[in-house]
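S.K.: Sequence and predicted model, in that order:
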Amino acid sequence: MENVEIWYDELKEYTFESQFIELSIETGFALKKLYQNNFWNKKISAQNNIIIDHQKQKLFKILQLNKDSFIRLSTRSPKDQVFDLDNPQQKLEIMLGIQNLLKALNIDKQELILRAQNQYYSNNDSKIEINIQKLPYLLQDVELNQVLIWLFNYTKKYLKIQNAQQCYELLQKSERVFVDLTNLLIWKNINFNQYQDIEDLQKDEKIDEKQQLCYLCVRKWIDILDENEFRCFFYNKKLTAISQYNPYIYLPYFNEKSIQIQIKTKIYDYFEKIIPKLTNLNIEHGVIDFAIFTNKDQEISSQLPKNFQNNIKSDFLIEKIYVIELNPFNNYQGAGTGGAYFDWNSDIDILNGSYIYGKEKLLQQQNLEKEQVIEKLQFRFQNKQRDNLVDKIFPLFDQKEELLPEILKNIIQQNDHDNKKTFYQKYCTIF
């Protein structure tokens, strides 16, 4: 990742208002210890909490001015905690939300029971439970797609923080944060496992535990629809490709040619504005994520259950664009920046601009007209309803590659058809 503090000042007018708090080596160590305590019940020193409490005081001052915020490290955010399985209130809200969505789609309990009888149960089963683990197998693809869109957008609210306690609860539960802190400590030549606890680190004369490890970035909260995020690629400061960011949802209005052209044109124009900023940062190649805001956002939010997407056509208008983040142009053998709908190997000629501008050595020499670039600029998205959303989508959740890494991950662990009935009964019911 391109650490946000590196590019923020230069792109300040194009992105979300942000403030930064230094996180020291000992703070990173304490967060890792608290993560271990949360998940592995390891006994840890009270000094870890004292260090975090000190950090909370710094954050308190910022949150007084900016109440609703999104937090992230220099590297990544704790977005893997968008849904906390251990939080009964969140689980209840999700269940009730899915109930209401299914009702709006004219799917009631009896309909789901009938589908379950046909798929999993014999007719003489006395009690049939419809739960979140079974639900994907009982819905038609178009219905499941609606549930997914709703889930992605609804659960984002769990990343909104209003106080320091919420912030550090997210940080100390996030596997993404844990992994990043581990790598940051390694880059500082600190072996986390050689210290039994924080006091041992503080006693090590070779380590300056007060030294900066990274930053905590506190960003002003802006509601962004999941379908309005795009991953864009640039090479030699030329826009080369655009992708739907979330590849697991189907948005029929993306098939409209006029909307495709508008998305490509608006993003192209916006990218041209920030090229001088990228030049100042000495960044020639990269992956940049954009959020768009349209005149249809309110309609999209309120009419989801009514299959609104088919009604969004010629009057769709992009009104604003923001930079979300900047990433390196690479994949590090699968451990770097994700390609979304592009493959870093088979699509490299598209991503490095060869498809539009010619081979790499000609990139700086080609002076194509804007209309020529827009015509050849590839915008990839989910262009048809998938034949089997369950098989193709949910395994990716288990790999923790997206926003909801836990909520349905156990689905793919239950490949034995005969065991599904017993397995499902372990989970909370929807009806």
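M.R.: Okay, I see it.

S.K.: in the protein, what spans have low per-residue confidence?
M.R.: Applying pLDDT under 70 to the chain flags the ranges 1, 85, 119-134, 299-314, 331-335, 360-366, 384-431.

S.K.: Could you identify the longest helix within it?
M.R.: helix 257-280 (DSSP state H).

S.K.: Which elements pack onto that helix?
M.R.: strand 229-235, strand 238-244, strand 286-294, strand 318-327, helix 370-376, strand 378-380 (3 or more Cβ pairs under 8 Å, 6 or more residues apart in numbering; DSSP states H and E). Just so you know, the C-beta spots here come from the backbone N, C-alpha and C atoms, and that holds for glycine as well.

S.K.: just how off-centre is it within its chain?
M.R.: 22 Å (Cα atoms, centre = their mean, to the nearest Å).

S.K.: Now for residue 168, how many residues are close by?
M.R.: 23 (other Cβ atoms under 10 Å).

S.K.: what do you get for residue 280?
M.R.: Neighbour tally, residue 280, other Cβ under 10 Å: 12.

S.K.: how about it, what does it touch?
M.R.: Taking Cβ atoms under 8 Å, 6 or more residues apart in numbering, we find residue 280 in contact with residue 10.

S.K.: Could you measure from it over to residue 18?
M.R.: Residue 280 sits at a distance of 18 Å from residue 18 (criterion: Cβ to Cβ, to the nearest Å).

S.K.: Outline the domain layout of this structure.
M.R.: Per automatic domain parsing, the domain ranges recorded for the chain read 17-68+161-220, 83-158+407-431, 226-339+342-380.

S.K.: In TSV, list the ones you listed along with distance to residue 3.
M.R.: Shown next, in TSV, are these (distance: least, Cβ to Cβ, whole Å):
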stretch	distance to residue 3
domain 17-68+161-220	7
domain 83-158+407-431	23
domain 226-339+342-380	9
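
S.K.: Tell me how far the residue nearest to residue 181 when sequence neighbours are not counted lies from residue 58.
M.R.: On the basis of Cβ to Cβ, 6 or more residues apart in numbering, the spatially nearest residue to residue 181 that is not a chain neighbour turns out to be residue 28, at 4.6 Å. Look at residue 28 and residue 58: by Cβ to Cβ, they are 15 Å apart.

S.K.: So between these two, which is more surrounded?
M.R.: The neighbour comparison of residue 28 against residue 58 (other Cβ under 10 Å) goes to residue 28, with 26 against 13.

S.K.: Does that one belong to a helix, a strand or coil?
M.R.: Look at residue 28: counting by DSSP: H, G, I helix; E, B strand; the rest coil, its state is helix.

S.K.: Ok, which of the helices and strands packed on helix 257-280 comes nearest residue 216?
M.R.: Evaluated over the helices and strands packed on helix 257-280, closeness to residue 216 peaks at strand 318-327, with 15.3 Å, by Cβ to Cβ.

S.K.: Quick check: which helices or strands does the closest one pack against?
M.R.: Using 3+ Cβ pairs under 8 Å, 6+ apart, strand 318-327 is in contact with helix 4-7, helix 257-280, strand 286-294.

S.K.: mind listing what's buried in the first one?
M.R.: Think helix 4-7. 4, 7 (16 or more other Cβ atoms under 10 Å).

S.K.: Mind listing the strands the helix or strand that comes right after it pairs with, and their directions?
M.R.: Downstream of helix 4-7, the first helix or strand assigned by DSSP states H and E is strand 18-24. In the sheet containing strand 18-24, its partner strands are strand 212-220 (antiparallel), by DSSP bridges.

S.K.: Residue 77 and residue 71 touch, don't they?
M.R.: Yes - between residue 77 and residue 71 a contact is recorded at 7.0 Å, counting by Cβ atoms under 8 Å.

S.K.: Tell me which of the helices and strands packed on strand 318-327 lies nearest to residue 177.
M.R.: helix 4-7 (14.3 Å).

S.K.: other SSEs contacting that closest one?
M.R.: strand 212-220, strand 318-327.

S.K.: ok and the first one relative to strand 318-327, angle-wise?
M.R.: The one in question is strand 212-220. 170 degrees (axes from the mean of the first three to the mean of the last three Cα atoms, to 10 degrees).

S.K.: tell me which element residue 298 falls in.
M.R.: Assigned by DSSP H and E, residue 298 falls in helix 297-302.

S.K.: Would you mind stating the distance between residue 80 and residue 35?
M.R.: 12 Å.

S.K.: got any residues that touch both of those two?
M.R.: 174, 175.

S.K.: re the thing from before, just say which of the helices and strands packed on helix 4-7 is most tucked in.
M.R.: Neighbour counts (mean count of other Cβ atoms under 10 Å) averaged over each of these peak at strand 212-220, with a mean of 20.

S.K.: check which helix or strand covers residue 149.
M.R.: Counting by DSSP H and E, residue 149 is part of helix 141-154.

S.K.: Show me what that helix packs onto, helices and strands only.
M.R.: Using 3+ Cβ pairs under 8 Å, 6+ apart, the elements in contact with helix 141-154 are helix 88-104, helix 389-398.

S.K.: What does residue 250 show for phi and psi?
M.R.: Phi and psi for residue 250, reported as degrees, to the nearest 10, are phi -110, psi 130.
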